[in-house]
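[1] Coordinates for the following, if possible.
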Amino acid sequence: MKDMTPDGRLILIRVKIERAKKNLTNLERELIGFGHKEFHAITTDPDTQFQQFGKHRILPFDALSAAGDIVHNLRSALDYLANQLVWVGSGEEPSRQVEFPIAKDAATYERDKARKVEGMCPKTVKAIDALHPYKGGNDALWKIHALDNIDKHRTLFTYARDCMLVADWLMEYTADPFNLKGSDPEFSGIGVFDGEVEKDMEFEIDEAVSKAQISTSNAVLPTLHQLTDFTWKLVLSFKPFL
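    Residues are numbered from 1 along each chain as shown. Next up is the predicted model:
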């Protein structure tokens, strides 16, 4: 790999970006085809233990799993970039500790950075430093890193409001949808689309994509679109170092 051209290195990284895009398109189609289904149920607040009756959005379990796959491919693209930057900087195979450094705060970033960028040129490390890749410094990078860790090691993503999940195999355990609610949800919006799309589920997939604006609602699909675009632009910005 040490003799590869910059475009060749970008091709290897872009594989993961394109996989994320394909998964995102499939997720949109599945959610649009699923429609705006609701379930009437009594649920218990995990913090107050207060019971209430209400309508809750129904989503397929596969949607949450697919969202995790998208985020993981984005994180992998960043790590592929880090490895290629080491090949260019040292001409040697990167160690197993090399990855694109993202941390929970600036102090942790500085503490752990050296082993993750070992073999990169100083100017490359300086370019990474300029991104402030830690929580509070670069929210997009932190979100990719944190969501990937949640999906890989902890549990499925959660939403601010009660979300009822369904799957064909769920009938083996219960006849009712599965209630999933987190006290500190990863997606704090009221739904999976942006606010305007939530009002009208009857639209074409191209329209859905064009309307996928990132807003304060932090809905799933718009956020995933933003993170996918952000990751590819970041990768491209490092072409001069490849």
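
[2] so where's this protein shaky on pLDDT?
    33-57, 153-163, 166, 177-219 (pLDDT under 70).

[3] same thing but at 90, please
    1-3, 25-68, 139, 143, 146-226 (pLDDT under 90).

[4] where do the helices sit along it?
    Using DSSP state H, the helices of the chain run over residues 6-34, 61-90, 106-116, 122-129, 139-153, 195-198, 205-210, 220-237.

[5] mind putting those helices in TSV, distance to residue 165 included?
    C-betas here are computed from N, CA, C, even on glycine. Listed next are the helices of the chain as TSV, based on distance: least, C-beta to C-beta, whole Å:
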stretch	distance to residue 165
helix 6-34	11
helix 61-90	5
helix 106-116	34
helix 122-129	38
helix 139-153	15
helix 195-198	18
helix 205-210	21
helix 220-237	13
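
[6] out of these, which comes closest to residue 97?
    Closest to residue 97 of those is helix 106-116 (C-beta to C-beta; 4.7 Å).

[7] so what does the closest one touch, helix or strand wise?
    With contacts taken as 3 or more C-beta pairs under 8 Å, 6 or more residues apart in numbering; DSSP states H and E, helix 106-116 sits against no other helix or strand.

[8] Pull up the distance across stretch 84-98, start to finish.
    This stretch, stretch 84-98, spans 10 Å end to end (C-alpha to C-alpha, to the nearest Å).

[9] So for that stretch, what gets flagged as buried?
    Buried residues in stretch 84-98, counted by 16 or more other C-beta atoms under 10 Å: 84-89, 94, 98.

[10] Just the closest of those residues to residue 221, please.
    residue 84 (29.8 Å).

[11] Next up, the contacts around that closest one.
    Residue 84 sits next to 1, 9, 12-13, 242 when contact means C-beta atoms under 8 Å, 6 or more residues apart in numbering.

[12] So which of the helices of the chain is nearest residue 169?
    Nearest of those (C-beta to C-beta): helix 61-90, 8.5 Å.

[13] just to revisit the earlier point, for residue 170, which of the helices of the chain is the nearest?
    Closest among those, once you apply C-beta to C-beta, is helix 61-90, at 7.1 Å.

[14] Now do that closest one against helix 220-237, angle only.
    Computed with axes from the mean of the first three to the mean of the last three C-alpha atoms, to 10 degrees, the direction of helix 61-90 lies at 10 degrees from that of helix 220-237.

[15] and helix 61-90, which residues are buried?
    For helix 61-90, burial by neighbour count (16+ other C-beta under 10 Å) applies to 61-64, 66-89.

[16] Next, give phi and psi for the closest residue to residue 125 other than its chain neighbours.
    Leaving aside its sequence neighbours, residue 125 sits nearest to residue 117 (C-beta to C-beta, 6 or more residues apart in numbering; 5.1 Å). Phi and psi for residue 117, reported as degrees, to the nearest 10, are phi -110, psi 10.

[17] just checking, residue 117 touches residue 79?
    No - contact criterion C-beta atoms under 8 Å: residue 117 and residue 79 do not qualify, at 11.8 Å.

[18] list the residues that contact both of these two?
    Taking C-beta under 8 Å, 6+ apart as the criterion, residue 117 and residue 79 both touch residue 98.

[19] residue contacts, residue 123?
    Per C-beta under 8 Å, 6+ apart, neighbours of residue 123: residue 241.
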